[in-house]
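Enquirer: Predicted model and sequence below, questions to follow.
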Amino acid sequence: MSKPFLSIERLTQKFPDGQGGTLTVFENATFGIEKGEFVCILGHSGCGKSTIMNILAGLAEPTSGVVKMDGYEVSGPSLDRGVVFQNYSLLPWLSALKNVTFGVKAREPGWSKAKVEEHARQYLAMVGLEGDVVYRKPSQLSGGMRQRVSIARAFANHPKLLLLDEPFGALDALTRGTIQDELLKIWSGTGQTVFMITHDIDEAILLADRILLMTNGPFARVAESVEITIPRPRSRTEIVEHPNYYAIRNHLVQFLGQRSKELAGQKSDSTELRPDTVRIDHTDAEAVENPETSPRLRAVNE
Amino acid sequence: MFDNLTVNQRAALLSVAMLVVGLLIWEAAIPAQKAAGELTEYERLTGGGAPKAGVPPPSDVLTKAWEQLSNPFYDAGPNDKGIGIQIGYSIYRVLTGYFMAALVAIPLGFLIGMSQVAYKAFNPFIQVLRPISPLAWMPLALFVIQDSEASAIFVIFICSIWPMLINTAFGVAGVRQDWVNVARTHELGAFRTAFTVILPAAAPTIITGMRISIGIAWLVIVAAEMLVGGTGIGYYVWNEWNNLDLTSVIFSILMIGVVGMLLDSAFGFLQRAVAYAE
Ligand SMILES: Nc1ncnc2c1ncn2[C@@H]1O[C@H](COP(=O)(O)OP(=O)(O)OP(=O)(O)O)[C@@H](O)[C@H]1O
Ligand SMILES: [Mg+2]
């Protein structure tokens, strides 16, 4: 097995639990992400998704274990890993444009002012922000606009890996749809790798190549890796007609509703806990099986 | 009758009305000096005939103000300088001491705000030194510095430093971790993070500290100049009191208020310039 682009090896995170003991959020989590892949991670609140993301970003140190990108160990944040924070994290004293040029200047210190600005404007236009809006401060923008500025800031830097922490959590369904489409458009044009946290199953199916499922904490596990066997380009209205859509959806709902609890808190002796790969494909006639009758359907260890 | 005026217009009318009524009451409350012919023998013998140093009416103060402000920069010897010169000396001392304090307080406040260790190490000194009345430093300053001018500036320095230091540390420590993380994910170095993220984020709190400091410095300079003498608006007030020229005393009190207000509104303007909404 060759090393994937991003490899997470035996990652363990413990925190003091506030009563003198320790809280093990997850232990020996091991998984990989291929170059150019779009991976979503689903799991209940508090299972440790943000903790994993902060470690991947280099903003937090794990208790033990390593993260390797392109073969090099991740230590500290880097411009190669762009982060879209859950709460946007725009700098409120800068205009939308300045928030993006802030990032571009850091990435390309040698560029002229005009070039930096042009580049920033291009990415703002890509997320649909043009004209006078770019001179507004974040407080004068709607939630969706702020989100788009934050996405533009991350994308303008061409990071090899994009880390998105519930980027659409606070948006209404309509804006969410538009930005999802924009995100897909940008991603498909650049070949970047995306790791995204979400709470929305349909969003994950629409966007991801693969969905990682986490059990509840403590001792949470990345238990399954579900392939989304729906060809691209996908459109919101058409994917629901695809024969695999409801099978995958039911599998995810069933995991989050039931098995995430059943599998929770199982302390394992294994030093490498890898997710089981799950492939559900009803388009292939021979593979038609009912996911309800065989929940571990075609689950193959890597 | 006032129904179609804005709130500001009504407030302005009320202010003017209060001023006029106040001045009228003041004017009416001053007893007229008795003419010499009406004095009794006894009064004449006990010196009652000499013009009595009473509180002057506002009309006198206004005349004085006009006189002084039409020629604010005359210089007729050490004890007779125009109000503009006196205020100029005071502002010079305040600004010198104040900016020296800012040069120390803001970088030090940054350090204290950024580092838990520095905060804990400096805190006991700050807590002991801060409540000391700035004028209590005066004898020590005069003895060590041996120069009254520099001692006054030192007193301004020591009184301005605390609000700036504490507010800078507080503002820097309170910068949201999210914003610092933005700097970190963009691989900004310590200096660029300090100048492009922490400074603008903490600026409103820092400027608030600077505004409090300039207010205190202006309060303290009057007292300091009364002590060290020579020049300045504080010295002027005290000198006119020694001359029993109460008209000048009242006029200079008003001038102290006006200059203080101008200094404060300059910082108010600065505060609005760096403010941001989250
Ligand atoms: N700095 C910390 N100190 C102690 N415990 C922490 C710390 N950060 C996170 N935790 C704990 O780790 C667990 C996982 O937190 P995390 O923020 O990763 O959850 P999450 O999966 O992102 O949840 P959500 O979906 O609600 O955002 C939680 O139980 C939380 O209480
Ligand atoms: Mg989270």
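Expert: Perfect, I can see it now. Quantities reported herein were computed from a predicted structural model and do not represent experimental measurements. Ligands and ions are numbered 1, 2, ... in the order given.

Enquirer: where are the low-confidence patches of the chain?
Expert: With no chain named, the answer covers chain A. Applying pLDDT under 70 to chain A flags residues A:1-2, A:170, A:265-266, A:268-269, A:271, A:284-302.

Enquirer: nope, chain B
Expert: Residues of chain B that meet the criterion pLDDT under 70 lie in B:1-2, B:32-53.

Enquirer: for it, what spans make up the helices?
Expert: Assigned by DSSP state H, the helices in chain B fall at B:7-29, B:41-45, B:58-70, B:83-114, B:116-129, B:138-145, B:148-173, B:177-185, B:190-193, B:199-228, B:233-242, B:246-274.

Enquirer: number of nearby residues for the residue in the stretch 151-300 of chain A positioned nearest to ligand 1?
Expert: Closest approach between the stretch 151-300 of chain A and ligand 1, counting by C-beta to the nearest ligand atom: A:Gly217, at 5.6 Å. Backbone N, C-alpha and C define where each C-beta goes, glycine included. By other C-beta atoms under 10 Å in any protein chain shown, 22 other residues sit near A:Gly217.

Enquirer: Help me confirm that it comes into contact with A:Ala29.
Expert: No. Using C-beta atoms under 8 Å, A:Gly217 is not in contact with A:Ala29; the gap is 11.4 Å.

Enquirer: how near is the residue of the stretch 151-300 of chain A found nearest chain B to B:Gly215?
Expert: Per C-beta to the nearest C-beta, A:Asn157 is where the stretch 151-300 of chain A lies closest to chain B, at 7.8 Å. Per C-beta to C-beta, to the nearest Å, A:Asn157 is found 45 Å from B:Gly215.

Enquirer: the more surrounded of these two?
Expert: Set A:Asn157 next to B:Gly215 and count neighbours by other C-beta under 10 Å: A:Asn157 wins out with 22 against 16.

Enquirer: Let me know whether the more buried one touches A:Arg81 as I believe.
Expert: No. The criterion here is C-beta under 8 Å, and A:Asn157 misses it with A:Arg81 at 9.8 Å.

Enquirer: Now list whatever residues contact both of the two.
Expert: Residues touching both A:Asn157 and A:Arg81 (C-beta atoms under 8 Å, 6 or more residues apart in numbering or on different chains): none.

Enquirer: State the number of residues packed around B:Phe113.
Expert: Rather than Phe, residue B:113 is Gly. When neighbours are counted by other C-beta under 10 Å, B:Gly113 comes out with 25.

Enquirer: How about it: what's its closest non-neighbour residue?
Expert: Leaving aside its sequence neighbours, B:Gly113 sits nearest to B:Val172 (C-beta to C-beta, 6 or more residues apart in numbering or on different chains; 2.7 Å).

Enquirer: these two touch, right, the one you found and B:Ala202?
Expert: Yes. Counting by C-beta under 8 Å, B:Val172 does reach B:Ala202; the two are 4.9 Å apart.

Enquirer: Comparing those two, which residue is more hemmed in?
Expert: Comparing B:Val172 with B:Ala202 by other C-beta under 10 Å, the one with more neighbours is B:Ala202, at 26 against 23.

Enquirer: Would you mind naming what in the stretch 1-150 of chain A lies close to chain B?
Expert: Counting by C-beta under 8 Å from any C-beta of the partner chain, the stretch 1-150 of chain A comes close to chain B at A:57-59, A:76-79, A:81-83, A:85, A:87, A:89, A:91-94, A:102-103, A:106-107, A:137, A:139.

Enquirer: now with 10 Å?
Expert: Applying C-beta under 10 Å from any C-beta of the partner chain, we find that the stretch 1-150 of chain A lies next to chain B at A:54, A:57-60, A:76-83, A:85-94, A:99, A:102-107, A:137-140, A:150.

Enquirer: For A:Gly20, the count of nearby residues, please.
Expert: So A:Gly20, with other C-beta under 10 Å, has 6 neighbours.

Enquirer: brain fart, A:Ile230
Expert: For A:Ile230, the neighbour count with other C-beta under 10 Å is 19.

Enquirer: Repeat that for B:Ser265.
Expert: That count, for B:Ser265 with other C-beta under 10 Å as the rule, works out to 12.

Enquirer: Now do the contacts for it.
Expert: Contacts for B:Ser265 (C-beta atoms under 10 Å, 6 or more residues apart in numbering or on different chains) come out as B:Arg211, B:Gln271.

Enquirer: Strands of chain A, start to end?
Expert: A:6-16, A:22-33, A:38-42, A:64-69, A:72-73, A:81-84, A:161-165, A:193-197, A:210-214, A:222-227, A:276-279 (DSSP state E).
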